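Novice: Curious how this folds, go ahead:
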Amino acid sequence: MLAQTKNYDELVRNFHWRIPRLYNMGVDASDRHADGSGRLALIYVDEDNRSQHYSFDDIRNLSNRLANVLLAHGLIRGDRVGVLLPQMPETAISHLAAFKAALISIPLFTLFGQEALEHRLANSGAKAVVTDAAGASKLLAIVGRLPHLLRIYVVGEDHEQPSDNNMVVGFNDAVRSASDRFSPIATSSEDPALIIYTSGTTGNPKGALHAHRVLLGHLPGVELAHDFPPQPGDLYWTPADWAWIGGLLDVLLPAWHHGIPVLAHRARKFDPDAAMVLMAEHGVRNAFLPPTALKMMRQANVRNRGVTLRTLASGGESLGGELLDWGRETFGLTINEFYGQTECNLVVGNNASVFPPRTGSMGKAVPGHDVRIVDETGKELPPGQAGQIGIRRPDPVMFLEYWQDPEATLRKYAGDYLLTGDIASQDESGYFRFAGRSDDLITSGAYRIGPGEIENCLIKHPAVAVAAVVGVPDAIRTERVKAWLVLRPGYSPSDDLAHDLQEFVRVRLGAHEYPREVAFTDSLPMTTTGKIIRHELRRRG
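Specialist: Residues are numbered from 1 along each chain as shown. Take a look at the predicted model:
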(Lines give C-alpha, C1' and ligand atoms only; values in the text may rest on other atoms or scores of the structure.)
Protein backbone atom coordinates (compact mmCIF):
# COMPACT_ATOMS: atom_id res chain seq x y z
CA MET A 1 0.00 0.00 0.00
CA LEU A 2 1.18 3.54 -0.72
CA ALA A 3 2.56 5.45 2.24
CA GLN A 4 0.09 7.74 4.00
CA THR A 5 1.43 11.07 2.82
CA LYS A 6 0.20 13.86 0.57
CA ASN A 7 3.66 14.55 -0.85
CA TYR A 8 4.33 12.98 -4.26
CA ASP A 9 8.12 12.99 -3.96
CA GLU A 10 7.84 11.29 -0.58
CA LEU A 11 5.49 8.68 -2.04
CA VAL A 12 8.02 7.83 -4.72
CA ARG A 13 10.97 7.88 -2.36
CA ASN A 14 9.35 5.61 0.22
CA PHE A 15 7.80 3.12 -2.19
CA HIS A 16 9.15 -0.44 -2.33
CA TRP A 17 7.67 -3.41 -4.14
CA ARG A 18 6.86 -6.37 -1.92
CA ILE A 19 6.37 -9.26 -4.31
CA PRO A 20 6.49 -12.63 -2.50
CA ARG A 21 8.03 -15.63 -4.21
CA LEU A 22 4.87 -17.68 -3.72
CA TYR A 23 1.70 -15.80 -4.57
CA ASN A 24 -1.75 -16.62 -5.94
CA MET A 25 -4.28 -14.01 -7.04
CA GLY A 26 -7.25 -16.20 -6.17
CA VAL A 27 -6.11 -16.73 -2.60
CA ASP A 28 -5.23 -13.05 -2.22
CA ALA A 29 -8.53 -11.74 -3.55
CA SER A 30 -10.87 -14.01 -1.62
CA ASP A 31 -9.49 -16.63 0.77
CA ARG A 32 -7.52 -14.34 3.04
CA HIS A 33 -10.66 -12.32 3.79
CA ALA A 34 -12.86 -15.39 4.33
CA ASP A 35 -12.64 -15.53 8.13
CA GLY A 36 -16.16 -16.71 8.95
CA SER A 37 -17.33 -13.21 9.80
CA GLY A 38 -19.56 -12.83 6.74
CA ARG A 39 -17.60 -9.81 5.55
CA LEU A 40 -19.33 -8.34 2.48
CA ALA A 41 -17.57 -8.93 -0.85
CA LEU A 42 -20.14 -8.42 -3.59
CA ILE A 43 -23.53 -6.84 -4.19
CA TYR A 44 -25.02 -8.17 -7.40
CA VAL A 45 -27.90 -6.29 -9.03
CA ASP A 46 -29.51 -8.21 -11.89
CA GLU A 47 -31.40 -6.85 -14.90
CA ASP A 48 -34.66 -6.83 -12.90
CA ASN A 49 -33.01 -4.70 -10.18
CA ARG A 50 -33.01 -7.57 -7.68
CA SER A 51 -29.94 -7.65 -5.47
CA GLN A 52 -27.99 -10.47 -3.87
CA HIS A 53 -25.19 -10.20 -1.32
CA TYR A 54 -22.12 -12.42 -1.21
CA SER A 55 -19.56 -12.55 1.58
CA PHE A 56 -15.89 -13.38 1.12
CA ASP A 57 -16.73 -16.73 2.73
CA ASP A 58 -19.29 -17.32 -0.04
CA ILE A 59 -16.82 -16.34 -2.75
CA ARG A 60 -14.13 -18.60 -1.30
CA ASN A 61 -16.46 -21.58 -1.02
CA LEU A 62 -17.98 -21.17 -4.47
CA SER A 63 -14.60 -20.73 -6.17
CA ASN A 64 -13.33 -23.78 -4.25
CA ARG A 65 -16.25 -25.81 -5.57
CA LEU A 66 -15.60 -24.73 -9.15
CA ALA A 67 -11.87 -25.42 -8.82
CA ASN A 68 -12.73 -28.96 -7.76
CA VAL A 69 -15.04 -29.31 -10.77
CA LEU A 70 -12.43 -28.11 -13.25
CA LEU A 71 -9.75 -30.47 -11.97
CA ALA A 72 -12.18 -33.38 -11.75
CA HIS A 73 -12.98 -32.88 -15.43
CA GLY A 74 -9.37 -33.36 -16.43
CA LEU A 75 -7.89 -29.87 -16.53
CA ILE A 76 -4.31 -29.64 -15.30
CA ARG A 77 -1.91 -26.89 -14.31
CA GLY A 78 -1.47 -24.33 -17.08
CA ASP A 79 -4.63 -25.25 -19.01
CA ARG A 80 -6.70 -22.31 -20.22
CA VAL A 81 -10.28 -21.51 -19.17
CA GLY A 82 -12.41 -18.93 -20.98
CA VAL A 83 -14.88 -16.79 -19.01
CA LEU A 84 -17.62 -15.54 -21.34
CA LEU A 85 -19.93 -13.75 -18.92
CA PRO A 86 -20.99 -10.19 -18.03
CA GLN A 87 -20.62 -8.60 -14.60
CA MET A 88 -22.07 -11.25 -12.31
CA PRO A 89 -20.92 -13.42 -9.39
CA GLU A 90 -20.08 -16.41 -11.58
CA THR A 91 -17.62 -14.27 -13.56
CA ALA A 92 -15.53 -13.49 -10.49
CA ILE A 93 -15.90 -17.03 -9.14
CA SER A 94 -14.64 -18.51 -12.42
CA HIS A 95 -11.50 -16.38 -12.51
CA LEU A 96 -10.70 -17.06 -8.87
CA ALA A 97 -11.25 -20.81 -9.30
CA ALA A 98 -8.90 -20.87 -12.27
CA PHE A 99 -6.22 -18.97 -10.34
CA LYS A 100 -6.49 -21.24 -7.30
CA ALA A 101 -6.27 -24.34 -9.51
CA ALA A 102 -3.14 -22.99 -11.26
CA LEU A 103 -5.07 -22.64 -14.52
CA ILE A 104 -4.98 -19.63 -16.84
CA SER A 105 -8.21 -17.67 -17.24
CA ILE A 106 -9.23 -15.80 -20.38
CA PRO A 107 -11.79 -12.99 -19.98
CA LEU A 108 -14.09 -12.86 -23.03
CA PHE A 109 -16.52 -10.10 -23.96
CA THR A 110 -20.15 -11.23 -24.21
CA LEU A 111 -20.70 -9.15 -27.37
CA PHE A 112 -18.00 -11.05 -29.26
CA GLY A 113 -19.28 -12.81 -32.35
CA GLN A 114 -18.35 -16.29 -33.46
CA GLU A 115 -15.18 -15.35 -35.35
CA ALA A 116 -13.84 -13.24 -32.50
CA LEU A 117 -14.45 -16.08 -30.05
CA GLU A 118 -13.02 -18.70 -32.38
CA HIS A 119 -9.71 -16.87 -32.77
CA ARG A 120 -9.22 -16.32 -29.05
CA LEU A 121 -10.22 -19.83 -28.01
CA ALA A 122 -8.30 -21.55 -30.80
CA ASN A 123 -5.19 -19.42 -30.30
CA SER A 124 -5.17 -20.03 -26.55
CA GLY A 125 -6.09 -23.70 -26.84
CA ALA A 126 -8.76 -23.21 -24.17
CA LYS A 127 -10.04 -26.49 -22.75
CA ALA A 128 -13.09 -25.08 -20.97
CA VAL A 129 -15.38 -22.07 -21.10
CA VAL A 130 -17.79 -20.79 -18.45
CA THR A 131 -20.68 -18.94 -20.08
CA ASP A 132 -24.45 -18.47 -20.14
CA ALA A 133 -27.06 -19.78 -22.57
CA ALA A 134 -26.42 -17.03 -25.13
CA GLY A 135 -22.69 -17.67 -25.06
CA ALA A 136 -23.18 -21.42 -25.28
CA SER A 137 -25.16 -21.08 -28.50
CA LYS A 138 -22.28 -19.17 -30.09
CA LEU A 139 -19.76 -21.75 -28.90
CA LEU A 140 -21.76 -24.74 -30.09
CA ALA A 141 -21.81 -23.23 -33.58
CA ILE A 142 -18.00 -23.23 -33.75
CA VAL A 143 -17.09 -26.12 -31.46
CA GLY A 144 -16.08 -28.25 -34.42
CA ARG A 145 -13.24 -25.81 -35.08
CA LEU A 146 -12.05 -25.87 -31.46
CA PRO A 147 -10.37 -29.27 -31.03
CA HIS A 148 -8.96 -28.42 -27.59
CA LEU A 149 -12.32 -27.50 -26.04
CA LEU A 150 -13.52 -30.20 -23.63
CA ARG A 151 -16.24 -28.55 -21.53
CA ILE A 152 -18.74 -25.71 -21.77
CA TYR A 153 -20.16 -24.81 -18.35
CA VAL A 154 -23.51 -23.03 -18.73
CA VAL A 155 -24.69 -20.76 -15.90
CA GLY A 156 -28.39 -20.80 -15.10
CA GLU A 157 -30.82 -22.86 -13.08
CA ASP A 158 -33.00 -23.54 -16.13
CA HIS A 159 -30.14 -24.92 -18.22
CA GLU A 160 -30.91 -28.19 -19.94
CA GLN A 161 -28.01 -30.27 -21.22
CA PRO A 162 -28.43 -31.36 -24.86
CA SER A 163 -28.65 -35.14 -24.95
CA ASP A 164 -26.31 -35.35 -27.94
CA ASN A 165 -23.50 -33.20 -26.54
CA ASN A 166 -21.81 -34.36 -23.34
CA MET A 167 -19.32 -31.50 -23.33
CA VAL A 168 -22.05 -29.12 -22.12
CA VAL A 169 -22.33 -29.08 -18.33
CA GLY A 170 -24.77 -27.23 -16.09
CA PHE A 171 -22.62 -24.85 -14.04
CA ASN A 172 -25.03 -24.56 -11.11
CA ASP A 173 -25.53 -28.29 -10.65
CA ALA A 174 -21.83 -29.06 -11.03
CA VAL A 175 -20.78 -26.45 -8.48
CA ARG A 176 -23.53 -27.37 -6.04
CA SER A 177 -22.48 -31.03 -6.03
CA ALA A 178 -18.75 -30.33 -5.54
CA SER A 179 -16.91 -29.96 -2.25
CA ASP A 180 -16.25 -26.48 -0.91
CA ARG A 181 -12.93 -27.64 0.50
CA PHE A 182 -9.95 -27.07 -1.77
CA SER A 183 -6.26 -26.61 -1.15
CA PRO A 184 -5.07 -23.98 -3.62
CA ILE A 185 -2.20 -25.17 -5.79
CA ALA A 186 1.02 -23.37 -4.94
CA THR A 187 1.97 -20.82 -7.57
CA SER A 188 4.85 -18.41 -7.78
CA SER A 189 4.27 -14.73 -8.45
CA GLU A 190 5.82 -15.30 -11.90
CA ASP A 191 3.54 -18.18 -12.89
CA PRO A 192 1.08 -17.39 -15.71
CA ALA A 193 -2.48 -16.65 -14.59
CA LEU A 194 -4.34 -14.61 -17.18
CA ILE A 195 -4.52 -14.01 -20.95
CA ILE A 196 -6.19 -10.78 -22.02
CA TYR A 197 -6.49 -10.34 -25.77
CA THR A 198 -5.53 -6.91 -26.98
CA SER A 199 -6.33 -5.51 -30.40
CA GLY A 200 -3.48 -4.76 -32.76
CA THR A 201 -3.24 -2.68 -35.91
CA THR A 202 -2.56 -5.61 -38.23
CA GLY A 203 -3.71 -9.20 -38.15
CA ASN A 204 -5.57 -10.89 -35.34
CA PRO A 205 -5.63 -9.80 -31.68
CA LYS A 206 -2.70 -10.91 -29.53
CA GLY A 207 -3.00 -12.53 -26.12
CA ALA A 208 -1.18 -10.62 -23.39
CA LEU A 209 -0.10 -13.26 -20.87
CA HIS A 210 0.10 -11.99 -17.30
CA ALA A 211 1.58 -13.54 -14.18
CA HIS A 212 -0.11 -13.70 -10.77
CA ARG A 213 1.95 -10.67 -9.73
CA VAL A 214 -0.08 -8.47 -12.12
CA LEU A 215 -2.60 -7.81 -9.34
CA LEU A 216 0.11 -6.51 -7.02
CA GLY A 217 1.48 -4.45 -9.90
CA HIS A 218 -1.87 -2.69 -10.28
CA LEU A 219 -2.22 -1.69 -6.64
CA PRO A 220 -0.17 1.55 -6.56
CA GLY A 221 -2.11 2.96 -9.53
CA VAL A 222 -5.47 2.05 -8.00
CA GLU A 223 -4.44 3.40 -4.61
CA LEU A 224 -3.23 6.67 -6.11
CA ALA A 225 -6.40 7.21 -8.15
CA HIS A 226 -8.69 6.36 -5.21
CA ASP A 227 -6.88 8.33 -2.53
CA PHE A 228 -5.90 5.41 -0.30
CA PRO A 229 -5.92 4.25 2.45
CA PRO A 230 -9.44 2.80 2.16
CA GLN A 231 -12.11 4.16 4.47
CA PRO A 232 -15.10 2.56 6.23
CA GLY A 233 -18.06 2.39 3.88
CA ASP A 234 -16.03 2.24 0.68
CA LEU A 235 -17.80 0.39 -2.14
CA TYR A 236 -16.49 0.10 -5.70
CA TRP A 237 -18.39 0.08 -8.98
CA THR A 238 -17.61 0.44 -12.66
CA PRO A 239 -19.78 0.02 -15.75
CA ALA A 240 -16.67 -1.31 -17.51
CA ASP A 241 -17.12 -4.98 -18.35
CA TRP A 242 -15.02 -7.42 -16.35
CA ALA A 243 -13.88 -8.92 -19.66
CA TRP A 244 -11.51 -5.96 -20.00
CA ILE A 245 -8.50 -5.06 -17.89
CA GLY A 246 -10.26 -1.87 -16.74
CA GLY A 247 -13.04 -3.80 -15.04
CA LEU A 248 -11.13 -6.82 -13.80
CA LEU A 249 -7.81 -5.34 -12.66
CA ASP A 250 -8.65 -1.67 -12.15
CA VAL A 251 -11.65 -2.43 -9.92
CA LEU A 252 -12.71 -5.98 -8.99
CA LEU A 253 -9.49 -7.72 -7.97
CA PRO A 254 -7.72 -4.69 -6.38
CA ALA A 255 -10.81 -3.92 -4.31
CA TRP A 256 -10.97 -7.51 -3.10
CA HIS A 257 -7.25 -7.51 -2.36
CA HIS A 258 -8.02 -4.75 0.15
CA GLY A 259 -11.20 -6.44 1.39
CA ILE A 260 -13.44 -3.72 -0.08
CA PRO A 261 -16.84 -4.78 -1.46
CA VAL A 262 -17.75 -4.36 -5.12
CA LEU A 263 -21.07 -3.65 -6.78
CA ALA A 264 -21.82 -5.68 -9.93
CA HIS A 265 -24.63 -4.82 -12.30
CA ARG A 266 -25.61 -6.61 -15.50
CA ALA A 267 -26.73 -3.72 -17.71
CA ARG A 268 -27.48 -4.21 -21.41
CA LYS A 269 -26.13 -0.73 -22.15
CA PHE A 270 -24.92 2.27 -20.19
CA ASP A 271 -27.71 4.62 -19.11
CA PRO A 272 -26.51 7.88 -17.46
CA ASP A 273 -29.60 8.40 -15.31
CA ALA A 274 -29.73 4.75 -14.26
CA ALA A 275 -26.04 4.95 -13.30
CA MET A 276 -26.76 7.83 -10.91
CA VAL A 277 -29.70 5.98 -9.38
CA LEU A 278 -27.64 2.82 -8.98
CA MET A 279 -24.78 4.65 -7.24
CA ALA A 280 -27.18 6.47 -4.93
CA GLU A 281 -29.28 3.44 -4.01
CA HIS A 282 -26.32 1.27 -3.09
CA GLY A 283 -24.06 3.93 -1.58
CA VAL A 284 -21.21 3.62 -4.08
CA ARG A 285 -18.20 5.51 -2.73
CA ASN A 286 -15.55 4.70 -5.33
CA ALA A 287 -16.16 4.57 -9.08
CA PHE A 288 -14.22 4.03 -12.26
CA LEU A 289 -16.13 5.69 -15.11
CA PRO A 290 -14.57 5.53 -18.59
CA PRO A 291 -14.45 8.85 -20.49
CA THR A 292 -17.36 7.88 -22.74
CA ALA A 293 -19.57 7.23 -19.71
CA LEU A 294 -18.66 10.63 -18.28
CA LYS A 295 -19.41 12.36 -21.61
CA MET A 296 -22.78 10.63 -21.83
CA MET A 297 -23.61 11.68 -18.27
CA ARG A 298 -22.66 15.25 -19.00
CA GLN A 299 -24.66 15.27 -22.23
CA ALA A 300 -27.69 13.89 -20.36
CA ASN A 301 -27.26 16.66 -17.76
CA VAL A 302 -27.46 14.19 -14.88
CA ARG A 303 -27.73 15.59 -11.38
CA ASN A 304 -26.42 14.33 -8.06
CA ARG A 305 -29.34 12.24 -6.83
CA GLY A 306 -27.94 11.36 -3.46
CA VAL A 307 -24.64 10.12 -4.89
CA THR A 308 -21.87 10.41 -2.30
CA LEU A 309 -18.69 9.43 -4.10
CA ARG A 310 -15.43 9.70 -2.21
CA THR A 311 -13.26 9.02 -5.27
CA LEU A 312 -13.81 8.93 -9.02
CA ALA A 313 -11.24 7.65 -11.51
CA SER A 314 -11.19 7.55 -15.29
CA GLY A 315 -8.77 6.42 -17.94
CA GLY A 316 -8.36 5.88 -21.66
CA GLU A 317 -8.00 9.47 -22.84
CA SER A 318 -7.43 12.98 -21.55
CA LEU A 319 -10.66 14.40 -20.15
CA GLY A 320 -9.96 18.07 -20.71
CA GLY A 321 -10.72 21.04 -18.49
CA GLU A 322 -14.45 21.28 -19.23
CA LEU A 323 -15.15 17.67 -18.27
CA LEU A 324 -13.03 17.98 -15.14
CA ASP A 325 -14.97 21.12 -14.16
CA TRP A 326 -18.24 19.28 -14.81
CA GLY A 327 -17.06 16.45 -12.57
CA ARG A 328 -16.33 18.86 -9.72
CA GLU A 329 -19.71 20.53 -10.11
CA THR A 330 -21.64 17.26 -10.36
CA PHE A 331 -19.84 15.08 -7.83
CA GLY A 332 -17.98 17.58 -5.68
CA LEU A 333 -14.58 16.06 -6.37
CA THR A 334 -11.81 15.98 -8.97
CA ILE A 335 -11.78 13.05 -11.38
CA ASN A 336 -8.40 11.34 -11.13
CA GLU A 337 -7.23 10.31 -14.59
CA PHE A 338 -4.83 7.44 -15.16
CA TYR A 339 -3.06 5.78 -18.09
CA GLY A 340 -1.97 2.31 -19.08
CA GLN A 341 -2.50 -0.43 -21.62
CA THR A 342 -3.34 -4.11 -21.47
CA GLU A 343 0.31 -5.16 -21.58
CA CYS A 344 1.39 -2.76 -18.83
CA ASN A 345 -1.44 -0.99 -17.05
CA LEU A 346 -1.87 1.89 -14.56
CA VAL A 347 1.64 3.33 -14.79
CA VAL A 348 0.72 7.05 -14.96
CA GLY A 349 -1.97 8.77 -12.92
CA ASN A 350 -3.33 11.70 -10.96
CA ASN A 351 -4.35 12.33 -7.39
CA ALA A 352 -5.70 15.82 -6.82
CA SER A 353 -4.98 15.68 -3.09
CA VAL A 354 -1.29 14.85 -3.69
CA PHE A 355 -0.41 17.09 -6.64
CA PRO A 356 -2.54 19.53 -8.63
CA PRO A 357 -3.88 18.11 -11.90
CA ARG A 358 -2.96 19.98 -15.06
CA THR A 359 -5.50 20.24 -17.83
CA GLY A 360 -4.57 17.96 -20.70
CA SER A 361 -2.11 15.97 -18.62
CA MET A 362 -2.42 12.28 -17.72
CA GLY A 363 -0.56 12.92 -14.47
CA LYS A 364 2.77 11.65 -13.19
CA ALA A 365 4.43 8.27 -13.01
CA VAL A 366 2.71 6.09 -10.42
CA PRO A 367 5.14 5.25 -7.57
CA GLY A 368 6.90 1.98 -8.31
CA HIS A 369 6.90 2.44 -12.10
CA ASP A 370 9.80 3.92 -14.05
CA VAL A 371 8.10 5.69 -16.96
CA ARG A 372 10.07 7.72 -19.50
CA ILE A 373 9.71 9.31 -22.92
CA VAL A 374 12.02 7.42 -25.28
CA ASP A 375 12.75 7.08 -28.96
CA GLU A 376 12.27 3.89 -30.99
CA THR A 377 15.64 2.56 -29.76
CA GLY A 378 14.78 3.04 -26.08
CA LYS A 379 16.94 6.14 -25.65
CA GLU A 380 15.51 8.59 -23.12
CA LEU A 381 14.46 11.96 -24.56
CA PRO A 382 14.74 15.36 -22.83
CA PRO A 383 11.77 17.11 -21.17
CA GLY A 384 9.33 18.64 -23.62
CA GLN A 385 10.32 16.44 -26.55
CA ALA A 386 7.70 14.07 -27.92
CA GLY A 387 8.43 10.36 -28.12
CA GLN A 388 7.03 7.00 -27.10
CA ILE A 389 5.90 6.28 -23.57
CA GLY A 390 8.29 3.60 -22.33
CA ILE A 391 8.21 1.60 -19.08
CA ARG A 392 11.46 0.21 -17.75
CA ARG A 393 11.55 -3.52 -17.11
CA PRO A 394 11.24 -5.47 -14.91
CA ASP A 395 7.93 -4.23 -13.56
CA PRO A 396 5.31 -6.30 -11.66
CA VAL A 397 2.43 -5.01 -13.78
CA MET A 398 4.18 -5.85 -17.07
CA PHE A 399 3.00 -8.79 -19.15
CA LEU A 400 5.09 -11.93 -19.55
CA GLU A 401 4.72 -12.27 -23.31
CA TYR A 402 2.28 -12.39 -26.18
CA TRP A 403 0.82 -15.89 -26.16
CA GLN A 404 2.53 -18.03 -28.82
CA ASP A 405 4.01 -14.96 -30.52
CA PRO A 406 7.68 -14.51 -29.56
CA GLU A 407 8.37 -12.17 -32.47
CA ALA A 408 5.64 -9.74 -31.44
CA THR A 409 6.89 -9.94 -27.85
CA LEU A 410 10.41 -9.04 -28.98
CA ARG A 411 9.13 -6.07 -31.01
CA LYS A 412 7.37 -4.69 -27.94
CA TYR A 413 10.70 -3.84 -26.30
CA ALA A 414 13.61 -1.56 -27.09
CA GLY A 415 16.54 -2.02 -24.74
CA ASP A 416 15.30 -1.78 -21.15
CA TYR A 417 11.90 -0.34 -22.10
CA LEU A 418 8.53 -1.71 -23.04
CA LEU A 419 7.26 0.57 -25.82
CA THR A 420 3.58 1.43 -25.50
CA GLY A 421 3.22 2.77 -29.03
CA ASP A 422 1.68 5.94 -27.56
CA ILE A 423 3.27 9.32 -28.21
CA ALA A 424 3.57 11.83 -25.38
CA SER A 425 5.89 14.37 -23.79
CA GLN A 426 6.92 14.97 -20.17
CA ASP A 427 7.55 18.38 -18.69
CA GLU A 428 10.16 19.42 -16.13
CA SER A 429 7.71 18.77 -13.28
CA GLY A 430 7.08 15.17 -14.35
CA TYR A 431 3.62 15.59 -15.89
CA PHE A 432 2.91 13.48 -18.99
CA ARG A 433 0.89 14.91 -21.85
CA PHE A 434 -0.60 12.51 -24.40
CA ALA A 435 -0.11 13.49 -28.07
CA GLY A 436 -1.38 10.55 -30.09
CA ARG A 437 -0.73 6.96 -31.09
CA SER A 438 2.15 5.74 -33.17
CA ASP A 439 -0.04 2.88 -34.35
CA ASP A 440 -3.58 2.90 -35.65
CA LEU A 441 -5.61 1.70 -32.69
CA ILE A 442 -9.07 3.20 -32.50
CA THR A 443 -10.32 4.48 -29.13
CA SER A 444 -14.10 4.09 -29.26
CA GLY A 445 -16.04 4.29 -26.04
CA ALA A 446 -14.29 2.12 -23.47
CA TYR A 447 -12.62 0.00 -26.16
CA ARG A 448 -9.31 0.07 -27.97
CA ILE A 449 -10.09 -1.46 -31.34
CA GLY A 450 -7.55 -2.78 -33.81
CA PRO A 451 -8.42 -2.17 -37.46
CA GLY A 452 -6.69 -5.36 -38.61
CA GLU A 453 -9.30 -7.76 -37.27
CA ILE A 454 -12.15 -5.73 -38.78
CA GLU A 455 -10.40 -5.49 -42.15
CA ASN A 456 -9.79 -9.24 -42.16
CA CYS A 457 -13.48 -9.78 -41.47
CA LEU A 458 -14.68 -7.37 -44.17
CA ILE A 459 -12.64 -8.91 -46.95
CA LYS A 460 -14.38 -12.23 -46.28
CA HIS A 461 -17.57 -10.65 -47.60
CA PRO A 462 -18.02 -11.52 -51.29
CA ALA A 463 -18.52 -7.86 -52.24
CA VAL A 464 -15.26 -6.54 -50.76
CA ALA A 465 -11.95 -6.49 -52.61
CA VAL A 466 -9.93 -4.23 -50.28
CA ALA A 467 -10.79 -2.79 -46.85
CA ALA A 468 -9.23 -0.11 -44.69
CA VAL A 469 -10.54 0.78 -41.24
CA VAL A 470 -9.77 3.98 -39.33
CA GLY A 471 -11.13 5.95 -36.42
CA VAL A 472 -12.81 9.29 -37.06
CA PRO A 473 -13.68 11.90 -34.42
CA ASP A 474 -16.84 11.37 -32.40
CA ALA A 475 -18.12 13.73 -29.72
CA ILE A 476 -19.22 10.95 -27.38
CA ARG A 477 -17.07 7.91 -28.20
CA THR A 478 -13.86 9.89 -28.95
CA GLU A 479 -13.66 7.96 -32.22
CA ARG A 480 -16.08 5.84 -34.26
CA VAL A 481 -15.08 3.06 -36.59
CA LYS A 482 -15.18 3.94 -40.28
CA ALA A 483 -14.54 1.47 -43.11
CA TRP A 484 -13.27 2.49 -46.56
CA LEU A 485 -14.02 -0.22 -49.10
CA VAL A 486 -13.09 -1.08 -52.67
CA LEU A 487 -15.73 -3.40 -54.11
CA ARG A 488 -15.28 -6.42 -56.34
CA PRO A 489 -16.50 -6.31 -59.95
CA GLY A 490 -20.22 -6.84 -60.18
CA TYR A 491 -21.05 -5.00 -56.94
CA SER A 492 -22.20 -1.39 -56.66
CA PRO A 493 -22.27 0.95 -53.67
CA SER A 494 -25.63 1.24 -51.91
CA ASP A 495 -27.13 1.87 -48.51
CA ASP A 496 -28.37 -1.72 -48.42
CA LEU A 497 -24.87 -3.06 -49.07
CA ALA A 498 -23.41 -0.77 -46.40
CA HIS A 499 -25.96 -2.06 -43.89
CA ASP A 500 -25.24 -5.66 -44.89
CA LEU A 501 -21.52 -5.11 -44.34
CA GLN A 502 -22.12 -3.55 -40.93
CA GLU A 503 -24.20 -6.55 -39.87
CA PHE A 504 -21.55 -8.88 -41.32
CA VAL A 505 -18.99 -7.46 -38.88
CA ARG A 506 -21.39 -7.07 -35.98
CA VAL A 507 -22.36 -10.75 -36.03
CA ARG A 508 -18.82 -12.10 -36.49
CA LEU A 509 -16.77 -9.78 -34.28
CA GLY A 510 -19.06 -7.84 -31.99
CA ALA A 511 -21.33 -4.84 -31.66
CA HIS A 512 -18.49 -2.67 -30.38
CA GLU A 513 -16.36 -3.24 -33.52
CA TYR A 514 -18.72 -2.88 -36.46
CA PRO A 515 -18.09 0.17 -38.69
CA ARG A 516 -20.62 2.85 -37.87
CA GLU A 517 -19.70 4.49 -41.16
CA VAL A 518 -19.05 2.79 -44.50
CA ALA A 519 -17.51 4.64 -47.43
CA PHE A 520 -17.02 3.18 -50.90
CA THR A 521 -14.08 4.25 -53.04
CA ASP A 522 -12.39 3.22 -56.29
CA SER A 523 -8.96 3.02 -54.65
CA LEU A 524 -7.16 3.47 -51.34
CA PRO A 525 -4.06 5.61 -50.69
CA MET A 526 -1.02 3.33 -50.59
CA THR A 527 2.70 3.67 -49.91
CA THR A 528 5.18 2.47 -52.51
CA THR A 529 5.45 -0.78 -50.56
CA GLY A 530 1.68 -1.33 -50.72
CA LYS A 531 0.73 -0.27 -47.18
CA ILE A 532 -2.48 1.67 -46.63
CA ILE A 533 -1.88 5.30 -45.65
CA ARG A 534 -4.37 5.48 -42.82
CA HIS A 535 -3.62 9.05 -41.82
CA GLU A 536 -4.78 10.14 -45.28
CA LEU A 537 -8.09 8.35 -44.75
CA ARG A 538 -8.45 9.97 -41.33
CA ARG A 539 -7.79 13.34 -42.94
CA ARG A 540 -10.64 12.74 -45.36
CA GLY A 541 -12.93 12.21 -42.38
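Novice: what are the ranges of the helices in the stretch 201-350 of the chain?
Specialist: Using DSSP state H, counting those that start in this stretch, the helices of the stretch 201-350 of the chain run over residues 214-225, 245-247, 253-257, 272-282, 291-299, 320-331.
Novice: Run through who's touching the fourth one.
Specialist: This means helix 272-282. Identification of contacts with helix 272-282 by CB atoms under 8 Å, 6 or more residues apart in numbering yields 43, 45, 51, 235, 237, 239, 263, 265, 267, 284, 287, 289, 293, 296-297, 299-300, 302-309. C-beta here means a position set from N, CA and C on the backbone, and glycine is covered the same way.
Novice: How about the last one?
Specialist: Counting by CB under 8 Å, 6+ apart, the neighbours of helix 320-331 from elsewhere in the structure are 291, 294-295, 297-298, 302-304, 307, 309, 312, 319, 333-335, 357, 359-360.
Novice: Only the buried residues of that helix, if you could.
Specialist: Residues of helix 320-331 classed as buried: Leu323, Leu324, Trp326, Gly327, Thr330, Phe331 (neighbour count, 16 or more other CB atoms under 10 Å).
Novice: and if you look at the third one?
Specialist: Residues of helix 253-257 classed as buried by neighbour count (16+ other CB under 10 Å): Leu253, Pro254, Ala255, Trp256, His257.
Novice: Let's have the residues you listed in CSV, adding distance to Glu455 and pLDDT.
Specialist: Shown next, in CSV, are the buried residues of helix 253-257 (distance: CB to CB, whole Å; pLDDT from 0 to 100):
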residue, distance to Glu455, pLDDT
Leu253, 34, 98
Pro254, 35, 98
Ala255, 38, 98
Trp256, 39, 98
His257, 39, 98
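Novice: Just name the closest of the residues you listed to Asn172, please.
Specialist: For the buried residues of helix 253-257, the closest approach to Asn172 (CB to CB) belongs to Trp256, at 22.7 Å.
Novice: and the closest one, how far is that from Gly26?
Specialist: According to CB to CB, to the nearest Å, Trp256 stands 10 Å off from Gly26.
Novice: Repeat that for Ile476.
Specialist: Distance check for Ile476 against Gly26: by CB to CB, it reads 37 Å.
Novice: now Val302
Specialist: 37 Å.
Novice: residue ranges with poor pLDDT in the stretch 401-541 of the chain?
Specialist: 436-439, 526-531 (pLDDT under 70).
Novice: again, only using 50
Specialist: 528-529 (pLDDT under 50).
Novice: and if you look at the chain?
Specialist: Using pLDDT under 50, the flagged stretches of the chain are 163, 528-529.
Novice: which helices and strands does the longest helix along it pack with?
Specialist: Counting by DSSP state H, the longest helix found in the chain is helix 56-72. The helices and strands touching helix 56-72, judged by 3 or more CB pairs under 8 Å, 6 or more residues apart in numbering; DSSP states H and E, are strand 40-45, helix 89-100, helix 171-177.
Novice: Okay, and the beta partners of the closest residue to Pro261 other than its chain neighbours?
Specialist: Distances taken as CB to CB, 6 or more residues apart in numbering place Leu40 nearest to Pro261, at 4.5 Å, with adjacent residues excluded. Residues in a beta bridge with Leu40, per DSSP bridges, are Ser55.
Novice: Who's the closest spatial neighbour of Val486, skipping the chain neighbours?
Specialist: Val466 (4.1 Å).
Novice: can you tell me which residues contact that neighbour?
Specialist: By CB under 8 Å, 6+ apart, the residues touching Val466 are Ile459, Leu485, Val486, Leu524.
Novice: What's the local residue count around Arg433?
Specialist: Arg433 has 18 neighbours, counted by other CB atoms under 10 Å.
Novice: Quick check: which element contains it?
Specialist: Assessed by DSSP states H and E, Arg433 sits inside strand 432-437.
Novice: Following the chain past that strand, name the next helix or strand.
Specialist: Following strand 432-437 toward the C-terminus (DSSP H and E): strand 442-444.
Novice: Please list the outside residues in contact with that following strand.
Specialist: With CB under 8 Å, 6+ apart, strand 442-444 has contacts from 316-317, 448-451, 469-471, 474, 477-481, 512.
Novice: I'd guess Trp484 is in a strand, am I close?
Specialist: Yes - with DSSP: H, G, I helix; E, B strand; the rest coil as the criterion, Trp484 is part of a strand.
Novice: Sitting in strands, which of the contacts of helix 272-282 do you find?
Specialist: Members of those lying in strands (criterion: DSSP state E): Ile43, Val45, Ser51, Trp237, Leu263, His265, Ala287.
Novice: dump the residue contacts of the nearest residue to the fourth one once chain neighbours are set aside.
Specialist: What it means is Trp237. Excluding the flanking residues, the one nearest Trp237 by CB to CB, 6+ apart is Leu263, at 4.0 Å. By CB under 8 Å, 6+ apart, the contact set of Leu263 is Leu42, Ile43, Val45, Leu235, Tyr236, Trp237, Leu278, His282, Val284.
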